[in-house]
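[1] generate a structure from the sequence data that follows.
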Amino acid sequence: RIILKQFLLFCESIERYYISLWLLFCLTIKYKFMGSSKLSSETERIVFLDYLRVFAMFLVFGVHASESVYSDGTLNFLFKNETDRLSVSFMSSFSRYGVDLYVMASAFLLLPLKTDSKTFFKRRFTRVVIPFVFWLLMYAFLPCLWGACDVAQLKDYLVQLCVNTIPPANHLWFIYMLIGLYMLMPILSPWLKQVSRRGEECFLLVWLLTTVISFIHDRFGYMYGEMPGYPYGMFYYFSGFIGFLVLAHYIRNYVNWSMKKTLIISIPLFLAGYAMCVYSFYNRSFYVDCVEDLEHGWDNTGMATVMMAIGAFMLIKKITYSKGFLYKLVKDISLKSYGMYLVHMMFLPFIYAYLSSVLPTPWTIFLSVLITYVVSYLAVKIISFIPNSKYIIG
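    Residues are numbered from 1 along each chain as shown. Below is the predicted model:
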């Protein structure tokens with residue numbers, strides 16, 4: 001009886017211990033989800049930007065899956081057959097404006113700045129730069145664990161990281177560019193606060209002209225003050241991704257089209273840009289010698305992708321649905337989209353390699369993107385439960 005009594009007391013203590021752990025776990029989950037929900041409810045969300053980020057990330061994954069069809073990681077390219085050529089021409093062309101949408105989303109949300117520069121940079125450093133550095137190191141070290149590189153290669157990677165990204169993490173070029181835009185925002189913000197609508201329109205007109213300069217180069221070579229070793233021509237300082245910052249601000253403040261007007265303008269604009277992308281890539285694939293020339297028509301700041309980005313942005317801007325499970329999922333993916341971008345190349349090459357051995361190219365591209373998307377989201381979701389996970393996934 002004494003032994004039985006002690007055993008029951010022991011079981012009771014164990015039971016209390018596990019009940020305490022369970023209650024602690026429940027409180028943690030409540031704080032994690034209900035607390036963040038309360039915070040979100042207090043801060044008005046721009047609903048369509050959540051949908052836009054979810055869609056843009058899918059497009060970016062599509063670009064990287066398509067690249068696996070024709071690029072071996074060098075400047076050389078090779079299509080095995082006409083099916084591959086057509087698949088990439090249509091599927092990857094559709095995806096090439098994903099980065100543009102993401103930049104526009106950031107500018108739409110941030111510009112003009114609502115805080116002082118110090119606070120702005122502190123938040124960007126925590127949410128963007130620290131996770132970026134963490135995953136740069138992961139892309140250097142982790143391949144060594146599964147035998148993709150040796151110690152000598154790891155040393156070369158670590159040296160290269162001091163000045164640029166490394167081959168396993170080439171997709172992180174986007175973060176370098178994004179950080180550069182963040183550095184520019186405090187300079188651009190005061191101008192946006194005081195410039196007139198006509199002033200913004202003049203800037204955007206000049207910027208739109210720069211989107212065709214790369215094509216004019218093909219015909220005429222250097223132009224408007226450009227010389228060998230001096231690419232700083234007359235329009236140089238109006239070109240690049242800065243245009244998307246001003247464009248997003250302009251749309252937020254001055255463009256409020258009806259649904260009918262949005263459909264009439266945005267769909268033809270998107271389709272025209274898409275047709276230009278498809279034609280450029282397919283035609284070039286027969287006579288150019290390297291990937292850089294092959295992808296010339298897919299330049300993120302070129303006319304075709306800019307047209308697609310504007311058309312898609314205006315269409316997505318009309319999405320206002322913010323109820324039910326669908327939007328909860330969309331919002332959660334949106335909040336984790338940066339982390340998904342950082343981690344997805346840990347999975348995509350392996351998923352693509354397997355699927356390409358058993359499926360035709362169009363299905364390989366689509367399913368590689370879909371599976372990578374789900375796996376990346378689940379991976380980031382799991383990481384998000386780690387304390388201070390913002391330093392890992394943003």
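[2] which SSE is immediately downstream of the helix or strand containing P143?
    Per DSSP states H and E, P143 falls inside helix 130-145. Proceeding N to C from helix 130-145, the next assigned helix or strand is helix 151-160, under DSSP H and E.
[3] may I see the buried residues of stretch 355-374?
    Within stretch 355-374, the residues that count as buried by 16 or more other CB atoms under 10 Å are L355, S356, T361, P362, T364, I365, F366, S368, V369, I371, T372, Y373. Every C-beta, even on glycine, is put in place using the N, C-alpha and C of the backbone.
[4] show me where the protein dips below the pLDDT cut-off.
    For the chain, the stretches with pLDDT under 70 are 1-43, 72-76.
[5] which helices and strands does the helix holding P143 pack with?
    Applying 3 or more CB pairs under 8 Å, 6 or more residues apart in numbering; DSSP states H and E, one finds that helix 130-145 contacts helix 151-160, helix 337-343, helix 390-393.
[6] okay, the angle between the first one and helix 130-145?
    Computed with axes from the mean of the first three to the mean of the last three CA atoms, to 10 degrees, the direction of helix 151-160 lies at 160 degrees from that of helix 130-145.
[7] now do the contacts for V380.
    Counting by CB atoms under 8 Å, 6 or more residues apart in numbering, V380 makes contact with K336, G339, M340, V343, I393.
[8] check which helix or strand the closest residue to the first one other than its chain neighbours maps to.
    Read it as K336. Nearest non-adjacent residue to K336, counting by CB to CB, 6 or more residues apart in numbering: V380, 4.5 Å away. Element membership of V380, judged by DSSP H and E, is helix 361-383.
[9] and the helices in the stretch 201-350 of the chain, which stretches?
    213-220, 242-254, 259-284, 291-294, 303-316, 324-335, 337-343, 348-356 (DSSP state H, counting those that start in this stretch).
[10] TSV for the ones you listed, including distance to L109?
    Putting these into TSV (distance: least, CB to CB, whole Å) gives the following:
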stretch	distance to L109
helix 213-220	29
helix 242-254	9
helix 259-284	20
helix 291-294	32
helix 303-316	13
helix 324-335	11
helix 337-343	13
helix 348-356	27
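[11] out of these, which gets nearest to I187?
    Shortest distance between I187 and the helices of the stretch 201-350 of the chain, using CB to CB, is found for helix 242-254: 10.3 Å.
[12] can you give me the buried ones in that closest one?
    By 16+ other CB under 10 Å, the buried positions in helix 242-254 come out as I242, G243, F244, L245, V246, L247, A248, H249, Y250, I251, R252.
[13] hmm, A309 and the third one touching each other?
    Yes - the pair formed by F244 and A309 meets the contact definition of CB atoms under 8 Å, at 7.5 Å.
[14] what's in contact with stretch 199-215?
    If you take CB under 8 Å, 6+ apart as the criterion, stretch 199-215 is touched by 192, 195, 223, 235, 238-240, 242-243, 246-247, 249-250, 254, 296, 299, 301-303, 306.
[15] got JSON lines for the buried residues of stretch 355-374, with distance to Q160 too?
    Output for the buried residues of stretch 355-374, formatted as JSON lines (distance: CB to CB, whole Å):
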{"residue": "L355", "distance to Q160": "30"}
{"residue": "S356", "distance to Q160": "29"}
{"residue": "T361", "distance to Q160": "32"}
{"residue": "P362", "distance to Q160": "35"}
{"residue": "T364", "distance to Q160": "31"}
{"residue": "I365", "distance to Q160": "30"}
{"residue": "F366", "distance to Q160": "33"}
{"residue": "S368", "distance to Q160": "27"}
{"residue": "V369", "distance to Q160": "28"}
{"residue": "I371", "distance to Q160": "30"}
{"residue": "T372", "distance to Q160": "25"}
{"residue": "Y373", "distance to Q160": "29"}
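[16] ok, these vs C277, which is closest?
    Among these, I365 lies closest to C277 (CB to CB), at 15.7 Å.
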